[in-house]
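Q: The amino acid sequence is not available; the structure is as follows:
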RNA sequence: GGGGUAGUAGUUCAGUUGGUUAGAACGCCGGCCUGUCAAGCCGGAGGUCGCGGGUUCGAGUCCCGUCUAUCCCGCCA
């Protein structure tokens, strides 16, 4: 017999009397003198071993948690009253005939079965131990399945998976680049890709027609619970398509993934919301549609009240939430300070009870005005309304955030529900007040709507783009656009972005050239695979779907990267480190 | 760069208005135990209270600084 004939999750009643060998980790040992029970664990499950022979008992007593052993034995049925319904193998146990300790384990620096019970610092330092945890393994399995289904679906639809360079040219647009020094060309640097954007468009120019890649991307910016310095994109590009073609293909892909990975069927077709409407109704371009709580315009009604702070404000918005009694003074204060931390001067409120206002700023509204408001905004009894008065961009932004916080507190965010929505009609440019010039909202290769092409040079702020994002439960899961395939239009876009001819040539020369030699209309999209897997796994932290994640300060605690390097290495690269305490 | 939270045994935590020898659970080591399944019972070992300074007769506890992790703002086309 080999080290193992079966794994620890597959033996059942039908295997009774079989002679088997198993191997795995000791999950627990229960000694009873003349009989010892051992739970043996591997990725597939747990199997109960029974030791009841003199020589085996002696070894059994020396076993401790996480030792690795192999055994040989006979599968035996359990009596009805001894069945463990919590185990897939709970109807049987293996009567051990021989046992071999393959490897002893020292006491572990963290608890494998209770991930919450350890600090993140420990979990990341001993990640290989944390990865023994069942939940974490489940997430990685979901990630694997997702990749597999994406590959299968796209391959079946004529997409080619093609690799692109990891060492590429630095283009100081957008995020900060990770740089790699060149030994051969001292003083020069490669950059790690923030995304393979230009390469995939070049594939279309090359006539490869449909491309995809599951690919690492790198951005040297500060991190968040859903951001890592290196992350994975499902990168997709197609030729001879318009926005509908891309959206239809991608919707099919998303439906396939959710249905095959977690058996969820999504609505058909996905709703489409314009950027403008998303901001007006939800205060964000990535709205969570699992709940309503839409933001309402309150300016005209507020002006009729005696509340001067609102009369002086450019804009007043209101959001109404159910379950008024839940909102105690304490909860309201918490929401208020959250609003203020995001730039609101304050968060006004009143409750609606039996047809009239109560608490907060109620006294500034006459009885007649209260009735008018309740009717016009359709405010229900037993609700609470929150209001912010400020510049329009602020009222919407703050209430958009308050909307999410309220939904969390009222537990309206059900992780088993998935509400996808396309966000479209983004502006092409946004004015950057700091640098006094226009930036691309998406990236500089995004095409404007055909009807807006004439406005590009004269009224850039009015131009709408052919961009689209897919948002699920408030997460931006994918974003993309139809690209510019006209050399002249691309040059004009660069002009609006305030890049002069020399800069264009220096940064994008090869790309502008490529557009001259016959470029098909094309467009694509890129998914954040990590965020997609977060949704599928029902976790809200990106580290839970990555095998070896970095910390918030972009360190790898296990292998201690980044690290100092030897002077010889630096000399070869022509690099001198300034103000460093240790150069090794 | 800014703000919040956390750091005490191998692990997770408790530790009162500053006061004797810093406790508990799990794990580890030893013993008992033939039906447990997070087994149970008895005993034992195990501590630079993140690090550095200060106040004090006396600091895990108060003050200052610093490091690390985490959440958020800025940032992330």
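A: Okay, I see it. Remember, predicted model here, so these are calculated numbers, not experimental data.
Q: Every contact and neighbour count from this point should use C-alpha atoms.
A: Noted.
Q: what are the ranges of the strands in the stretch 51-200 of chain A?
A: Taking DSSP state E, counting those that start in this stretch, the strands of the stretch 51-200 of chain A run over residues A:68-77, A:92-103, A:160-161, A:179-181, A:189-191.
Q: could you dump the ones you listed to JSON lines with distance to residue A:427 and mean neighbour count?
A: Formatted as JSON lines, the strands of the stretch 51-200 of chain A follow (distance: least, Cα to Cα, whole Å; neighbours: other Cα atoms under 10 Å):
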{"stretch": "strand A:68-77", "distance to residue A:427": "59", "mean neighbour count": "21"}
{"stretch": "strand A:92-103", "distance to residue A:427": "61", "mean neighbour count": "19"}
{"stretch": "strand A:160-161", "distance to residue A:427": "31", "mean neighbour count": "17"}
{"stretch": "strand A:179-181", "distance to residue A:427": "31", "mean neighbour count": "16"}
{"stretch": "strand A:189-191", "distance to residue A:427": "29", "mean neighbour count": "18"}
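Q: for those strands, which one sits closest to RNA strand B?
A: strand A:92-103 (6.7 Å; Cα to the nearest atom of the strand).
Q: What helices and strands are in contact with that closest one?
A: For strand A:92-103, the elements it packs on are strand A:45-51, helix A:54-62, strand A:68-77, judged by 3 or more Cα pairs under 8 Å, 6 or more residues apart in numbering; DSSP states H and E.
Q: mean pLDDT lowest for which of the ones you listed?
A: Mean pLDDT across the helices and strands packed on strand A:92-103 is lowest at helix A:54-62; the value there is a mean of 91.
Q: what comes up buried for that helix?
A: Within helix A:54-62, the residues scored as buried using 16 or more other Cα atoms under 10 Å are A:56-57, A:60.
Q: possible to save the helices and strands packed on strand A:92-103 as a markdown table with distance to residue A:242?
A: Converted to a markdown table, the helices and strands packed on strand A:92-103 look like this (distance: least, Cα to Cα, whole Å):
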| stretch | distance to residue A:242 |
| --- | --- |
| strand A:45-51 | 48 |
| helix A:54-62 | 67 |
| strand A:68-77 | 57 |
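Q: The strands of the stretch 51-200 of chain A into JSON lines, with extra columns for distance to residue A:450?
A: Formatted as JSON lines, the strands of the stretch 51-200 of chain A follow (distance: least, Cα to Cα, whole Å):
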{"stretch": "strand A:68-77", "distance to residue A:450": "65"}
{"stretch": "strand A:92-103", "distance to residue A:450": "68"}
{"stretch": "strand A:160-161", "distance to residue A:450": "29"}
{"stretch": "strand A:179-181", "distance to residue A:450": "38"}
{"stretch": "strand A:189-191", "distance to residue A:450": "34"}
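Q: now these in JSON lines, with distance to RNA strand B?
A: Formatted as JSON lines, these follow (distance: least, Cα to the nearest atom of the strand, whole Å):
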{"stretch": "strand A:68-77", "distance to RNA strand B": "8"}
{"stretch": "strand A:92-103", "distance to RNA strand B": "7"}
{"stretch": "strand A:160-161", "distance to RNA strand B": "19"}
{"stretch": "strand A:179-181", "distance to RNA strand B": "15"}
{"stretch": "strand A:189-191", "distance to RNA strand B": "14"}
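Q: Excluding chain neighbours, what is closest to the residue of the stretch 251-400 of chain A found nearest RNA strand B?
A: Proximity of the stretch 251-400 of chain A to RNA strand B (Cα to the nearest atom of the strand) peaks at residue A:342, 6.4 Å away. Leaving aside its chain neighbours, residue A:342 sits nearest to residue A:398 (6.3 Å; criterion: Cα to Cα, 6 or more residues apart in numbering).
Q: which element is the one you found on?
A: Element membership for residue A:398 (DSSP states H and E) is helix A:392-409.
Q: for that helix, packing partners?
A: helix A:275-282, strand A:295-297, strand A:315-322, helix A:329-341, strand A:383-390.
Q: Mind doing that once more with 7 Å?
A: With contacts taken as 3 or more Cα pairs under 7 Å, 6 or more residues apart in numbering; DSSP states H and E, helix A:392-409 sits against helix A:275-282, strand A:315-322, helix A:329-341.
Q: what angle sits between the second one and helix A:275-282?
A: Here the directions of strand A:315-322 and helix A:275-282 differ by 60 degrees (axes from the mean of the first three to the mean of the last three Cα atoms, to 10 degrees).
Q: ditto for the last one
A: For helix A:329-341 against helix A:275-282, the angle by the same axes, to 10 degrees is 150 degrees.
Q: Give me the residues contacting helix A:329-341.
A: Outside helix A:329-341, the residues that touch it by Cα atoms under 7 Å, 6 or more residues apart in numbering are A:346-347, A:398, A:402.
Q: For these, give me TSV that also has distance to RNA strand B and neighbour count.
A: Output for the contacts of helix A:329-341, formatted as TSV (distance: Cα to the nearest atom of the strand, whole Å; neighbours: other Cα atoms under 10 Å):
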residue	distance to RNA strand B	neighbour count
A:346	16	18
A:347	17	23
A:398	10	24
A:402	11	21
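Q: how big is the angle separating the lengthiest helix in chain A from strand A:45-51?
A: Of all the segments assigned as helix in chain A under DSSP state H, the longest by residue count is helix A:134-156. If you take the same axes, to 10 degrees, helix A:134-156 sits at 140 degrees to strand A:45-51.
Q: So for helix A:134-156, mean pLDDT?
A: Mean predicted confidence for helix A:134-156 is 96.
Q: Can you point out the buried residues in it?
A: A:134-137, A:139-143, A:145-147, A:149-151, A:153-154.
Q: Those also near RNA strand B: which ones?
A: By Cα under 7 Å from any atom of the strand, no member of the buried residues of helix A:134-156 lies near RNA strand B.
Q: surely residue A:320 meets residue A:385?
A: Yes. Between residue A:320 and residue A:385 there is a contact at 4.2 Å, judged by Cα atoms under 7 Å.
Q: now residue A:214, nearest residue through space, not along the chain?
A: Residue A:214 sits nearest to residue A:234 (Cα to Cα, 6+ apart), 4.6 Å away.
Q: Next one: residue A:178 from residue A:507, what distance?
A: Separation of residue A:178 from residue A:507 (Cα to Cα, to the nearest Å) stands at 17 Å.
Q: and what of residue A:75?
A: 68 Å.
Q: Likewise for residue A:492?
A: 15 Å.
Q: and if you look at residue A:168?
A: 12 Å.
Q: and if you look at residue A:268?
A: 42 Å.
Q: okay, the two: which has more neighbours?
A: A count of neighbours by other Cα atoms under 10 Å puts residue A:507 above the other of residue A:268 and residue A:507, at 17 against 10.
Q: The more buried one and residue A:171 touch, don't they?
A: Yes. Shown here, residue A:507 and residue A:171 form a contact pair, counting by Cα under 7 Å, at 6.1 Å.
Q: Spell out which residues of the stretch 351-500 of chain A are next to RNA strand B.
A: Residues of the stretch 351-500 of chain A lying near RNA strand B (Cα under 7 Å from any atom of the strand): A:439-444.
Q: buried subset of the residues you listed?
A: A:439-440, A:442-444.
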